[in-house]
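Participant: Next input, structure requested:
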Amino acid sequence: MSQHKVVLLLGSNLGDQKKNIELALQKISEGGNYISQISEFLITEPIEFVSSNIFCNIASEIFTSLSPIQLLDFIKDIEVGMGRIKDSSASGGYSDRIIDIDIIKYNDLIFRSERLEIPHQKHLYEREFSKVLLKDFI
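Facilitator: Presented below is the predicted three-dimensional model:
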């Protein structure tokens, strides 16, 4: 089985944000993925929606045998299992969330589908907090 190098961004702005992220990382690892590196936690204001809840975010590099779509399904299952109710792509807008996991890069793959865009353009080029978190990963 081939191992693919993937960069993820994780964020939470509900409950104990750091614990939510740590639990999500634990679930990623328990799913057979190897976490090789994580960034420092970064506290940020919500972007593209209004909320009084601040975000805690990290970047993580993992190695996985999952395909991009398998990985997407896997992380969406983690989000739902942890109590995420609304997915921004399904609801058409951003809202508070217990956990959000985004695939930023998958090897050097360029991939576009209705459900997934790799590399993740907004995080790589538009969001300043993402650039800070990703500086050691990209």
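Participant: Run through the residues that contact residue 116.
Facilitator: 68, 69, 72, 103 (C-beta atoms under 8 Å, 6 or more residues apart in numbering). Any C-beta I mention is one placed from the backbone N, CA and C, and that applies to glycine too.
Participant: let's see it at 6 Å
Facilitator: With contact taken as C-beta atoms under 6 Å, 6 or more residues apart in numbering, residue 116 is in contact with residue 72.
Participant: packing partners for the helix or strand in which residue 35 is found?
Facilitator: Applying DSSP states H and E as the criterion places residue 35 in strand 34-38. Applying 3 or more C-beta pairs under 6 Å, 6 or more residues apart in numbering; DSSP states H and E, one finds that strand 34-38 contacts strand 55-64.
Participant: can you give me how far the next helix or strand after the strand it packs on is from the chain middle?
Facilitator: Where DSSP H and E defines the elements, the next helix or strand beyond strand 55-64 is helix 68-81. Offset of helix 68-81 from its chain centre (C-alpha atoms, centre = their mean, to the nearest Å): 10 Å.
Participant: Please report phi then psi for residue 11.
Facilitator: phi -150, psi 150 (degrees, to the nearest 10).
Participant: circling back: pull out the buried residues from the strand holding residue 35.
Facilitator: residue 38 (16 or more other C-beta atoms under 10 Å).
Participant: If I take it and strand 55-64, what angle do their directions form?
Facilitator: Orientation of strand 34-38 against strand 55-64 (axes from the mean of the first three to the mean of the last three C-alpha atoms, to 10 degrees) gives an angle of 140 degrees.
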